[in-house]
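Enquirer: sequence-free structure coming up:
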């Protein structure tokens, strides 16, 4: 029941809203997986990223798509928690427990074992809206190691940070662009895998339309200082 | 059967010339589709995928516009609200913006419902000034009130340009629908809009086709390297002829007024195209988005219309239409 409600909301509500207000151009949509297990690794600047990632898949793949999200952020409130679990379909990641010996990736592994398409944001948290990419966390490599047959698809999301930057609450309509790269396979070494993913993301970023966005008064581009 | 009767009654209530005009558009598009189906058989080495995509997109655009025009001024106004919104969104997304500008970007979008409200209310004198005077004054004040003075003039100009082209000028096309039926329009108010859209888009296509077939001498190489004198003149003459022969069927224009429109509208279309190209060149993009397969963004499609719509409107008002 909730599964159908989720599909209806994503395809009939979230998708038109995303297309109208964020005008999302998807380049390389045919590279998105339609079956699981698969891992989609994207850069992260905004909550809009999750919305976009839910709405760009083919309708028949939507029920498989599970975005990984921080449990300390999304599950602390019961209402948002219910919404996150059932309608967004998040895979919780307990960021704060990382390094404590507890397996924070267990829910993601389980989802992959069930054949899900897990969307991860390897930067670990939202960056600022300028297009710099933070240091990638290697949780994605550990997932790829556990599921060596699952393709890892790099995705660069351009412009979502302008629609709703971290720390703001009112979204502003701006055109976004989602670029889907070629799948990366697990070859046996974490550092090589992470370098490959980083290079793939930066290559996609280089193809994206220019983002003439500046974060503050100091990082002004194209204008002479007064 | 009830549905068929309703459709029949709906079509019977439309001016016959308008229906024939739409049939003409569909016929033109069918010819183009047929040519695009034959071309790959003649020349196997070339890839005609983009041409086919373009034509498929044309079908969608024609269907949307025809449905809106037949449904009346409310639907047409709504469609142009959506067009203005997407065009402004594409423009503001390409222009340089800052985190602090978000509030002004949001305010700029608010100009759309305000401007179109006066079209819906049919209050022409206020529509005429609300964006060019009052949004013009409010934008820089809002920026000053928020304490933003860095690159002030160029930023204000950027917002002004977006509002004038995407909201105000495009609004003229929708406002044409408010001409009352009592004015003896041969194809109703929708005929006026149809003439504008057909002439503008035909000019774009004719320039492209003439340029592709005969083009040799570049006309504005530093802005738009694909545009040629041959394309410009070929498009100008073809579109002027189209307006001269079709104009009397769709609009109340005739004689001198019609001749002026026929000669000047293609020039305005060319000017709009080149001006938007200059902006895209400044920003460093080829297309404003990938919204319309084969065409690029919506703003790429309506760039000529931002120039032709106000010119056509004002010439109609001067020569033929009493309402404005």
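Expert: Arrived safely, thanks for sending. Keep in mind the model is a prediction, meaning the values are calculated, not measured. Residues are numbered from 1 along each chain as shown, chains lettered A, B, ... in the order given.
Enquirer: separation between residue B:126 and chain A?
Expert: 25 Å (Cβ to the nearest Cβ, to the nearest Å). All C-beta spots, glycine's among them, are computed from the backbone N, C-alpha and C.
Enquirer: what's the strand or helix carrying that residue packed up against?
Expert: Per DSSP states H and E: residue B:126 is located in helix B:124-129. Counting contacts by 3 or more Cβ pairs under 8 Å, 6 or more residues apart in numbering or on different chains; DSSP states H and E, helix B:124-129 packs against helix B:102-120, helix B:170-175.
Enquirer: determine the longest helix present in chain A.
Expert: helix A:190-207 (DSSP state H).
Enquirer: could you do chain B as well?
Expert: Max-length helix for chain B by DSSP H is helix B:255-283.
Enquirer: that helix vs chain A: in contact?
Expert: Yes - using Cβ under 8 Å from any Cβ of the partner chain, helix B:255-283 reaches chain A at residue B:283.
Enquirer: my guess is residue B:315 contacts residue B:261. True?
Expert: Yes - with contacts counted by Cβ atoms under 8 Å, residue B:315 reaches residue B:261, the gap being 5.3 Å.
Enquirer: compare the two (neighbour count), which wins?
Expert: In this view residue B:315 and residue B:261 are compared by other Cβ atoms under 10 Å in any protein chain shown, and residue B:261 has more residues nearby, 26 against 18.
Enquirer: how far away is the more buried one from chain A?
Expert: For residue B:261, the distance to chain A (Cβ to the nearest Cβ) stands at 34 Å.
Enquirer: how about the helices in chain A?
Expert: Going by DSSP H, chain A shows helices at A:2-8, A:15-22, A:48-55, A:71-74, A:78-83, A:106-113, A:139-146, A:160-163, A:190-207.
Enquirer: what does the fifth one contact?
Expert: What it means is helix A:78-83. Residues outside helix A:78-83 that contact it (Cβ atoms under 8 Å, 6 or more residues apart in numbering or on different chains) are A:74-75.
Enquirer: I'd like the average pLDDT over that helix.
Expert: Averaged across helix A:78-83, pLDDT comes to 82.
Enquirer: ok, how many other residues are close to residue B:28?
Expert: Count around residue B:28 with other Cβ under 10 Å applied: 15.
Enquirer: pull the distance from the strand or helix carrying it to the chain's centre.
Expert: Applying DSSP H and E as the criterion places residue B:28 in helix B:16-42. In terms of Cα atoms, centre = their mean, to the nearest Å, the centre of helix B:16-42 is found 20 Å from the chain centre.
Enquirer: could you list every helix and strand in contact with that helix?
Expert: helix B:49-71, helix B:188-214, helix B:229-250.
Enquirer: interface residues of chain B facing chain A?
Expert: B:85-86, B:89-90, B:92-100, B:102, B:105-106, B:109, B:150-151, B:154, B:283-285, B:289-291.
Enquirer: could I get the helices of chain A as TSV with mean neighbour count?
Expert: Below are the helices of chain A laid out as TSV (neighbours: other Cβ atoms under 10 Å in any protein chain shown):
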stretch	mean neighbour count
helix A:2-8	12
helix A:15-22	18
helix A:48-55	24
helix A:71-74	17
helix A:78-83	11
helix A:106-113	18
helix A:139-146	20
helix A:160-163	28
helix A:190-207	16
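Enquirer: return the member of these having the minimum mean pLDDT.
Expert: Note on the helices of chain A: helix A:71-74 shows the lowest mean pLDDT, a mean of 80.
Enquirer: by contact count, what packs against that one?
Expert: So helix A:71-74, by 3+ Cβ pairs under 8 Å, 6+ apart, packs with strand A:91-93.
Enquirer: just checking: what are the partner strands of the strand it packs on?
Expert: strand A:65-70 (parallel) (DSSP bridges).
Enquirer: so residue B:164 makes contact with residue B:131?
Expert: Yes - between residue B:164 and residue B:131 there is a contact under Cβ under 8 Å: 6.7 Å.
Enquirer: count the neighbours of the residue lying closest to residue A:31 once chain neighbours are set aside for me.
Expert: Among residues not flanking residue A:31 along the chain, residue A:180 sits closest, at 4.5 Å (Cβ to Cβ, 6 or more residues apart in numbering or on different chains). The tally of other residues near residue A:180 (other Cβ under 10 Å) stands at 21.
Enquirer: show me the contacts for the closest residue to residue B:269 other than its chain neighbours.
Expert: Among residues not flanking residue B:269 along the chain, residue B:304 sits closest, at 3.8 Å (Cβ to Cβ, 6+ apart). Going by Cβ under 8 Å, 6+ apart, residue B:304 touches B:200-201, B:203-204, B:268-270, B:272-273.
Enquirer: give me the mean pLDDT for stretch A:212-226.
Expert: 49.
Enquirer: tell me where the stretch 201-324 of chain B is predicted with low confidence.
Expert: By pLDDT under 70, the stretch 201-324 of chain B contains no weakly predicted segment.
Enquirer: that older thread, more crowded one of residue B:164 and residue B:131?
Expert: residue B:131 (22 against 18).
Enquirer: the residue nearest to that one when sequence neighbours are not counted and residue B:116: what is the separation?
Expert: The shortest distance from residue B:131 to any residue that is not its chain neighbour, by Cβ to Cβ, 6+ apart, is 4.0 Å, and that residue is residue B:168. Look at residue B:168 and residue B:116: by Cβ to Cβ, to the nearest Å, they are 10 Å apart.
Enquirer: surely residue A:194 meets residue A:138?
Expert: Yes - with contact defined as Cβ under 8 Å, residue A:194 reaches residue A:138; the gap is 5.5 Å.
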